[in-house]
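Student: Fold the following and give me the result.
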Amino acid sequence: MYKASSTVSAETTSFNENLKIIDAVVDKIVPPQPTTSLDVIVETYGSIILDDSTDFRPLESSEIVSYSSYENEFYKKLWLLNGLHLQLAYYGLYNGQTFIDEVILSSKGRVFAENAVASLSDAYKLLSKSDEDLTSFSELIIKRFSLSEIKDQVSRIARNPEIKFAKGERFEYPLQLLVESNKNIDTFKQVFDILFESNFHQVDGFMNFQDSVLNKGKTKLYSEYWDVVTDTYIEKLGA
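Tutor: Predicted coordinates:
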């Protein structure tokens, strides 16, 4: 949920007058856990970014904790991390790969990942109106996704496509900005074509998504599901 903390607190009456709310962007990959152990396996990387629009500073800044624009950091994570994750998952499904690291470690998959995160970075800069250098951040994400220990299943990441490909989400929103600015959308088009060419029975929610959205065709998806001007999208992504 976008701004989950402040959204929920605004809808709820607190009985603790000392409770203060601050929105946070938390980033750490926690893969599916083995059922035979109480140990929890997570990646070593971790990040907590707290909204700097308030004077409230509940945690000290550190290598993990920092204060920044929640708005920008939310979309940076949603697009460059979650959005890349989604594109890699469908690319991997289409190419018969089981885990995200297998996609990254293949030569073509690595190129796809680098091109995808470059386009997502362009979209983020258009949104944030910043010239932030995202090179190190992008390289770090790809490095994290390449960890074989995580056992990050492409079918798990691809689940719930009706939400993840919805308007305003990690695929449509950056794509919209790139289309409007005539930027590179090659990896978006690849994933988009994969959606219409495939039957991913193993992905939770895909068949419902196919029945309710994909089977109506690309033009209907543009006009009804995304509510965008169809002509430009037909030119860029096909009809």
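Student: What mean pLDDT does stretch 36-53 get?
Tutor: In this model, stretch 36-53 has a mean pLDDT of 91.
Student: quick one: buried residues of it?
Tutor: Buried residues in stretch 36-53, counted by 16 or more other Cβ atoms under 10 Å: 43, 47, 49-51. The way it works is simple: take the backbone N, C-alpha and C, and place the C-beta from them, glycine included.
Student: Now flag whichever of those is closest to His201.
Tutor: Glu43 (29.7 Å; Cβ to Cβ).
Student: Go ahead and confirm that closest one touches Ile29.
Tutor: Yes. With contact defined as Cβ atoms under 8 Å, Glu43 counts as touching Ile29 (4.7 Å).
Student: Need the residues touching each of these two.
Tutor: 144, 150 (Cβ atoms under 8 Å, 6 or more residues apart in numbering).
Student: spatially speaking, which residue is in the middle of the chain?
Tutor: Nearest residue to the geometric centre of the chain (Cα atoms, centre = their mean): Asn82, 2.1 Å.
Student: contacting residues for it?
Tutor: Arg170.
Student: Three-state assignment for it, please.
Tutor: With DSSP: H, G, I helix; E, B strand; the rest coil as the basis, Asn82 sits in helix.
Student: And the one 5 residues further on, by the same measure?
Tutor: Secondary structure of Gln87, reduced to three states by three-state DSSP: helix.
Student: Same question for Ile49.
Tutor: Assignment for Ile49 (three-state DSSP): strand.
Student: again, but for the one 10 residues further on
Tutor: Under the three-state scheme (three-state DSSP), the conformation of Leu59 reads as coil.
Student: Was I right to think it contacts Ile49?
Tutor: No. At 10.8 Å, Leu59 does not count as touching Ile49 under the criterion of Cβ under 8 Å.
Student: Find residues that contact each of these two.
Tutor: Val65.
Student: Can you tell me what sits against the helix of greatest length in the chain?
Tutor: The residue-count maximum for a helix in the chain (DSSP state H) belongs to helix 107-128. By Cβ under 8 Å, 6+ apart, the residues outside helix 107-128 that reach it are 72, 75-76, 79-80, 83-84, 87-88, 91-92, 95, 97, 102-104, 131-132, 134, 138, 141-142, 145, 173-175, 177-178, 181, 183-188, 190.
Student: Please list only the buried members of the residues you listed.
Tutor: For the contacts of helix 107-128, a burial check counting by 16+ other Cβ under 10 Å picks out 72, 75-76, 79-80, 83-84, 87-88, 91-92, 97, 102-104, 134, 138, 141-142, 145, 173-175, 177-178, 183, 185, 187-188, 190.
Student: by contact count, what packs against the helix or strand bottoming out on mean pLDDT in the chain?
Tutor: Every helix and strand in the chain was compared by mean pLDDT, DSSP states H and E; the lowest is helix 4-10, with a mean of 85. With contacts taken as 3 or more Cβ pairs under 8 Å, 6 or more residues apart in numbering; DSSP states H and E, helix 4-10 sits against no other helix or strand.
Student: Give the buried residues for that helix.
Tutor: Counting neighbours by 16+ other Cβ under 10 Å, helix 4-10 gives no buried residue.
Student: do the same with stretch 217-225
Tutor: Buried residues in stretch 217-225, counted by 16+ other Cβ under 10 Å: 218, 221-222, 225.
Student: Closest to Glu162 out of these?
Tutor: So of these, ranked by how close each gets to Glu162 (Cβ to Cβ), first place is Tyr225, at 9.2 Å.
Student: was I right about that closest one contacting Gly168?
Tutor: No. When contacts are counted by Cβ under 8 Å, Tyr225 is not listed as touching Gly168 (11.4 Å).
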